[in-house]
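Participant: coords below, sequence missing:
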């Protein structure tokens, strides 16, 4: 088993899933991959299982054995980004991974940056964020309205919660396992992109060192975006509530 796990939530990502798995498996850092598929009607889950079978044949092992590098958890429907990642975090902690990543399937997060995030947490950080905004605005192919909304959403979060994090809604993250061990997943309330804010705030309030690593974010070329106004609404009101909550470490 590798020491690092990349968790990738999917819904209708058949155009991207095989390519992203192939790229991540090709790096010398030996990342394992966990796909959390929310019942994609386009067959994303079946593609992943076909890849598992192919890898098992190549390595001479059974498809379900622990030495397999690609894993999948299939869920019954669209249950939310936050619950997908929490499912993956629990799975990773049960298997003693040291470094756990969040990453999108659509190449908006450049998988080449996995190594930079890993290097940061292997240095002196507990949590590394692939940041679009810590070095100006580094977003390609987004409509200007979406760039403005995203940028000022992070500014709003930073002001309300008092965190010195420029990209509070970033979804490209590497955690030391100690961070995830400390966070009480049962207290995480937001399910959409507000989940990303809540995780960062929890790590910050629990005293972990959070660092931002500048990346270039490129909008997806294939597949359909999952963003909606409801996601931003949840985050807006959720941040106000979060400001007045006490964050406690999980009891082991």
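Facilitator: That came through fine. Not measured: the values here are computed from a predicted model. Numbers count the residues shown, from 1 in each chain.
Participant: residue 41 and residue 12, how far apart?
Facilitator: Distance from residue 41 to residue 12, counting by C-beta to C-beta, to the nearest Å: 7 Å. (C-beta placed from N, C-alpha, C; glycine too.)
Participant: compare these two (neighbour count), which wins?
Facilitator: Neighbours were counted for residue 41 and for residue 12 using other C-beta atoms under 10 Å; residue 12 has more, 20 against 10.
Participant: wouldn't the more buried one be in contact with residue 42 here?
Facilitator: Yes: using C-beta atoms under 8 Å, residue 12 is in contact with residue 42, at 4.5 Å.
Participant: shared neighbours, the two?
Facilitator: Residues touching both residue 12 and residue 42 by C-beta atoms under 8 Å, 6 or more residues apart in numbering: none at all.
Participant: next up, phi/psi of the most centrally placed residue in the chain, please.
Facilitator: The centre of the chain sits closest to residue 102, judged by C-alpha atoms, centre = their mean, with a distance of 2.1 Å. When read as degrees, to the nearest 10, the backbone of residue 102 gives phi -110, psi 140.
Participant: looking at the sheet around residue 213, what are its partners?
Facilitator: Note on residue 213: beta-bridge partners residue 130, judged by DSSP bridges.
Participant: contacting residues for it?
Facilitator: 113, 116-117, 120, 128-131, 134.
Participant: now swap in residue 91 and tell me
Facilitator: Contacts here follow C-beta under 8 Å, 6+ apart; on that basis residue 91 touches 34, 71, 73.
Participant: in whichever helix or strand it is part of, what counts as buried?
Facilitator: For residue 91, the element it lies in under DSSP states H and E is helix 81-94. For helix 81-94, a neighbour-count test (16 or more other C-beta atoms under 10 Å) marks 81-89, 91-92 as buried.
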